[in-house]
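Asker: no sequence on hand, only this structure:
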């Protein structure tokens, strides 16, 4: 899938009005995960303490501002009223000037402290997530291959990218919002108390009501968001499948049927979508309405208090400003909690990966061989992936140095599993494998694999130049050595025809060269590594006939003088093998060279002749 | 954008109503401070509690009115945006369904998927923001401006300084921040790419012992991302303190300038209070508008991408008076040439052959020799650029596409299956096929063993794209689907590659019984698969390098001999 579609945006999810509403998820072990997240943040403890301190300052100053402004308004009201009634002095401009200077200082300090909080938090949250990514990456290197085979790579990928991203963003935004909101509410209430206890009570009534209302709306709208997300997912899945199978749909004339199905799914989505968006939309107006009612109450009650002489005019202004300031944290409260909760859920998924069981450690004192002759012995090897269905049962086989051993057999007979065990991608249940007489389990995995070279059907290459990709076989190889390897692998010619030659950039999945060319590059890579023992998994996929003969030649060159295991799918290519192992249902049923096996007239003979059977047989 | 606005037309009354509702709600927000000023100026100065209470009552009514209309706006804008999204999505899907592979190839599948899903979501979200915010903010800004000028023109002059200042700061932050945000996205993509490569290539990485190198590679990308993300966040979050500061400065200036005016009696205290509120409202609205504008480039990009799909011309169309074929299972190429649109070299040139019912014609040649193109022409996924193709004696361009494809059972190179039951997938071949017919097709395709092993047999479910099947199993079901269709012409595009040789042989034997009165066209890589065909067409660089049986071609066609020699031993070439 292309990058552009990797992140599906949430309908009505962001934008200024949506306020990050969406379907939220919850962590299974909330407390434990939060505690662990705390451990991730521990190295930044001092900075975080500073962040909290600065938050207190920032929200304190911003809560102070209306109060200071009220002082000036009071002076204006007093002065103008005095002039009007002719009782006493008019407005004192020096006093106003001092008050306004103070006000400006308060604004400035609040802004500075607020920005300092953001500045520090950006560093902390991103660095903490960098630490986490690094830890996850190191963990992935220690996980057994079984983990990779059992979990779709998309799931693992999304833990490293999306989940960690979610955690970082919510740490930075929601956490600071949560802290500031909470502090602001406290400070504002204190300020209001100093102005008028009665008006504080008004605020205390409307505020919880607002929080209650907004959390109700959020909770209620959750089901619509979930419905919308599910409908959207189903629709997107349908679209993806349909477009991928476009030619088949056309070839079988099924356009009408899929239009009908699409229309159903689209209708369903529309039904959920407008409800979800409606409910996310009423949040603001509802809280605003409640707030406005508070505003009216403050004006009327405040007015009455002024008339009875218990309040000054400027104080009404301050109270109204406080009411407005309160509406923000109130409408955000429910949402912030939800965002933080889904961040914890995302963190929990990352931690789950960190808790996966690792590979058995290498022996403390591994046997290390500089070069091996290449005598491989497999003795009584048994293995099963899930303990119920044995895949290999007591396989015994051997390959002498320099021998070419072909492994043949129907799909599912255990050929690939044998390779997995040879390279210790998996560990055998029982039995042993020895290399030059040394049990491979007494070596370190890296040490063992150094002796092996591998060319698989799955031609994995990475985005980067051809030069880098071949050099991957031996990282310290010179450019000239890379070129020699490519020549030996019959790849030099096509590489030089590409724009930029060896500097040609392979795209994602090396999609910009053909399958056959990919295969040649992997052979060059293996040649450069110059291993003692080779494992070849012959390609079944469609490679054109000319490239195929090049591949054949390159493979033969690769196998010269090395012990090689060839997993063969086509029998014509392995007839010159010194030994053919015939596998069936996890056992080796026959062993010998081509002629002998044909003469014996067993399973191999049947396999071999089936490929020439005329279709009318 | 022209095309998109036409999608809004059916909802124009709802849109108008939504705008109106928002205007009323914004108006009530503007009215509240006005009434407050009255409370201060009249009620408090005249010591009249009754005035305060009456004005309070009006305020309450106004607040309720505004709230009600805001709710109405929510309802309408949700309806409009959801419906526009639905219509857009349906139109794109319809259009893409009508595309021939020629057209969808121009966009690429991944890009078409994005356009039908994410791009529509972008438009939908933007529409929602537009209807809710963009209407509200200008009303608040303009209304606030008018009212504050009306209250005191002199004090409103302060805005002449603070508004440009705000605009300048917003654009400055955007100018610094947006490139950083783009480069952060790139770095994020790089982290994803490397991780994806590490996950898919874990065997190769471990086999070469390059774990440390890989960790270094990932760490580098991850560190780059961290650095950019920190910088971007630090720039973007500047906006908030800066705008707060400008707001504070404006308020301070108004009070400083307003105080002497109040002292001289040319301004009332309530007026100072109310102007402070309006100014706050105006500056907040400007912030809102700039936020919606920040979303605009993304929405425009999506709109352009959607329009590209909707405006794509149709390449393959049905004739006005479609014909029907008389014969059954006959396929003829008459001097057919084909050049891909925009290509310089023809993909096929001067191909001629005829295949009758009951015959098998095989096509062999290296990649790029034009084998798959040839099949695409028969299905009319593309139209020939020279010569003609006859199916049952009629030019393929004279059939309706439905009629033509109804005669063909196509098995693509890459087996494509859909989520749903196995039976549902097979009935894609023929909707009215009975269960026993399906079972027969399954057993011909050598799929009966694994189908019966699945719980539910034919009714067993497949996950998306048939991901719970092996490559060989998918291929066999894809063959069974074509068999279930009982077509006149079978097209096998290298469809046996994932099968082991035993299964391959059994399948072809079973198939030969089924295809007695149909033409079979097989594209193959392996000579052993096709040596018994009635005729073999050898393609080389789009040209017909040879046509004949295996034996004839071995003698007469050097290209074929080269292919055969590379695959078969001498003994096998003499087999038979």
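Answerer: Cool, the structure landed. Worth saying up front: this structure is predicted, and the values here are computed from it rather than measured. Numbering: from 1, shown residues only, chains lettered A, B, ... in the order given.

Asker: residue A:582 falls within a helix, correct?
Answerer: No: counting by DSSP: H, G, I helix; E, B strand; the rest coil, residue A:582 falls outside a helix, being strand.

Asker: the nearest residue to it once chain neighbours are set aside and residue A:95: what is the separation?
Answerer: Once flanking residues are discounted, residue A:582 sits nearest to residue A:590: 4.0 Å by CB to CB, 6 or more residues apart in numbering or on different chains. Where you see a C-beta, it was placed from the backbone N, CA and C, and this is true even at glycine. According to CB to CB, to the nearest Å, residue A:590 and residue A:95 sit 107 Å apart.

Asker: same thing with residue B:330?
Answerer: For residue B:330 relative to residue A:95 (CB to CB), the value is 105 Å.

Asker: ok, those two, which is more surrounded?
Answerer: residue B:330 (21 against 14; other CB atoms under 10 Å in any protein chain shown).

Asker: hey, which helix or strand in chain B has the poorest pLDDT?
Answerer: Least confident helix or strand, chain B: helix B:570-574 with a mean of 58, by mean pLDDT, DSSP states H and E.

Asker: what about the longest helix in the chain?
Answerer: Picking chain A for this. When chain A is parsed with DSSP state H, its longest helix is helix A:255-307.

Asker: if you could check chain B rather than the one you did, that'd help
Answerer: helix B:49-98.

Asker: tell me the first helix or strand C-terminal of it.
Answerer: helix B:101-107 (DSSP states H and E).

Asker: identify the residues contacting that next one?
Answerer: A:243, A:246-247, A:250, B:96, B:112, B:115, B:308-309, B:312, B:314-316, B:341, B:376, B:381-382 (CB atoms under 8 Å, 6 or more residues apart in numbering or on different chains).

Asker: next: stretch B:550-557.
Answerer: So stretch B:550-557 is contacted by B:527, B:530-533, B:536, B:538, B:545-546, B:548, B:560-561, B:564, B:573 (CB under 8 Å, 6+ apart).

Asker: what do you get for stretch A:165-178?
Answerer: Outside stretch A:165-178, the residues touching it (CB under 8 Å, 6+ apart) are A:37, A:51, A:55, A:117-118, A:121-122, A:124-126, A:128-129, A:132, A:332, A:336-337, A:339-340, A:342-343, A:346-347, A:350, B:188, B:229, B:233.

Asker: which of the residues you listed are buried?
Answerer: A:37, A:51, A:55, A:117-118, A:121-122, A:124-126, A:128-129, A:132, A:332, A:336, A:339-340, A:342-343, A:346-347, A:350, B:188, B:229, B:233 (16 or more other CB atoms under 10 Å in any protein chain shown).

Asker: how near is residue A:598 to residue B:416?
Answerer: For residue A:598, the distance to residue B:416 - CB to CB - is 39 Å.

Asker: neighbour-wise, which of those two wins?
Answerer: residue B:416 (21 against 15).

Asker: OK, contacts around the more buried one?
Answerer: Neighbours of residue B:416 in contact, by CB under 8 Å, 6+ apart: A:244-245, A:247-248, B:465-466, B:478.

Asker: over to it: give its phi and psi.
Answerer: Main-chain torsions, residue B:416, degrees, to the nearest 10: phi -110, psi 120.

Asker: tell me how far it lies from residue B:105.
Answerer: 16 Å.

Asker: quick revisit: let's see the pLDDT reported for the residue nearest to residue A:582.
Answerer: The per-residue pLDDT reported for residue A:590 equals 89.

Asker: pretty sure it contacts residue A:601?
Answerer: No: shown here, residue A:590 and residue A:601 do not form a contact pair, counting by CB atoms under 8 Å, at 10.5 Å.

Asker: neighbour count: those two, which is higher?
Answerer: Taking other CB under 10 Å, residue A:590 and residue A:601 do not tie; residue A:590 has more neighbours (19 against 10).

Asker: would you verify that the more buried one is located in a helix?
Answerer: No: counting by three-state DSSP, residue A:590 is located in no helix; its state is strand.

Asker: checking the closest residue to residue A:305 other than its chain neighbours next. Helix, strand or coil?
Answerer: Nearest residue to residue A:305, sequence neighbours excluded (CB to CB, 6+ apart): residue A:311, at 3.8 Å. At residue A:311 the chain is in coil, as set by three-state DSSP.

Asker: hang on, residue A:311 packs against residue A:194?
Answerer: No: under the criterion of CB under 8 Å, residue A:311 is not in contact with residue A:194, lying 12.0 Å apart.

Asker: you'd agree residue A:400 is up against residue A:436?
Answerer: No: look at residue A:400 against residue A:436 with CB under 8 Å: they stay out of range, at 11.0 Å.

Asker: host element of the closest residue to residue B:535 other than its chain neighbours?
Answerer: Excluding the flanking residues, the one nearest residue B:535 by CB to CB, 6+ apart is residue B:361, at 5.2 Å. Residue B:361 is part of strand B:360-364 when elements are defined by DSSP H and E.

Asker: could you say what helices and strands that strand packs with?
Answerer: Where contact means 3 or more CB pairs under 8 Å, 6 or more residues apart in numbering or on different chains; DSSP states H and E, strand B:360-364 is packed against helix B:371-378, strand B:519-524, helix B:527-530, strand B:535-540.

Asker: with that, I have no additional questions.
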